[in-house]
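*Asks:* what follows is a predicted protein model with its sequence.
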Amino acid sequence: MKKQKKESYFWTSYSDLMTSLFLVMLVLFVSSYIQFSKAKTELETRNESLKADSVQLAEIKKIQQSTENLSKEYFGFNEKHKKFVLKVKSFFPRGMSDINYLSRQCQDSLKNAGMEIAKFFNNNSTNKYLLIIEGQASADSELQSTSNYILSFNRAYNLMKFWEMNRIDFGNNCEIQIAGSGDGLLDKNSMRDEENNAANQRFLIHILPKNIISNNSQ
């Protein structure tokens, strides 16, 4: 009788031990599965991010290659500031912003430059772009620096209106923004010609793919 009780205790204890081990293994399995699923999700997210980055990089390279086709007669790319400069010499009378104050030759060149930009957007109609027309003014001690910001903005605005008046259409895949960067006295990081102050009377052009801008802002 005692022997049966001992055997009964043994199998009961053994059963409890096996149950405990099973529960421990089950907990470890569930914990490992959760960690594995989490790591898998993070890896998939990282891979998707890398794919998105590679797509954006390819798009940026595509834009750079296509913008290189802009006429070198009217556009020059500043590698340091990553900006296209309209090579048309736009010398305004002091404090003036109306395009009519520029020479006929200058106006004709600005018109041709606008047509070049329109051709670019037409040839890349499957993409969406942001076109920023930036005006700059030369430093003038008789004008306040803040006044030069308004002046440079008005020059950029009038250039846009000039292109519009000449029926230059940038298409539906282009959003236009106007900017004025003043005379560089307030913004020390703006693109300036330190040797020739008069050369800072110019226009800068920014062509940016909108899908990359929206993805980076998320």
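*Replies:* Okay, I see it.

*Asks:* lowest-pLDDT helix or strand in the chain?
*Replies:* Lowest by mean pLDDT, DSSP states H and E among the helices and strands of the chain is helix 210-217, with a mean of 54.

*Asks:* who are the contact partners of the nearest residue to S125 once chain neighbours are set aside?
*Replies:* Once flanking residues are discounted, S125 sits nearest to N173: 5.5 Å by C-beta to C-beta, 6 or more residues apart in numbering. Just so you know, the C-beta spots here come from the backbone N, C-alpha and C atoms, and that holds for glycine as well. Counting by C-beta atoms under 8 Å, 6 or more residues apart in numbering, N173 makes contact with 121, 124-129.

*Asks:* cutoff 10 Å now
*Replies:* 121-122, 124-129, 210 (C-beta atoms under 10 Å, 6 or more residues apart in numbering).

*Asks:* could you measure from it over to K128?
*Replies:* According to C-beta to C-beta, to the nearest Å, N173 stands 5 Å off from K128.

*Asks:* next, count neighbours for L131.
*Replies:* When neighbours are defined as other C-beta atoms under 10 Å, L131 has 18 of them.

*Asks:* identify the contacts common to N173 and K128.
*Replies:* Residues touching both N173 and K128 (C-beta under 10 Å, 6+ apart): 121, 210.

*Asks:* what about the helices in this protein?
*Replies:* Per DSSP state H, the chain carries helices over the ranges 2-67, 104-123, 145-165, 210-217.

*Asks:* what's the mean pLDDT across the first one?
*Replies:* It stands for helix 2-67. Average pLDDT, helix 2-67: 67.

*Asks:* do the second one as well
*Replies:* Per-residue confidence for helix 104-123 averages out to 91 on the pLDDT scale.

*Asks:* in that helix, which of the residues would be classed as buried?
*Replies:* Across helix 104-123, burial judged by 16 or more other C-beta atoms under 10 Å covers 106-107, 109-111, 113-114, 116-118, 120-121.

*Asks:* and of these, the nearest to K38?
*Replies:* F121 (45.2 Å; C-beta to C-beta).

*Asks:* gap between that closest one and P209?
*Replies:* Applying C-beta to C-beta to F121 and P209 gives a distance of 12 Å.

*Asks:* which neighbours do those two share?
*Replies:* With C-beta under 10 Å, 6+ apart, F121 and P209 have common neighbours 127-129.
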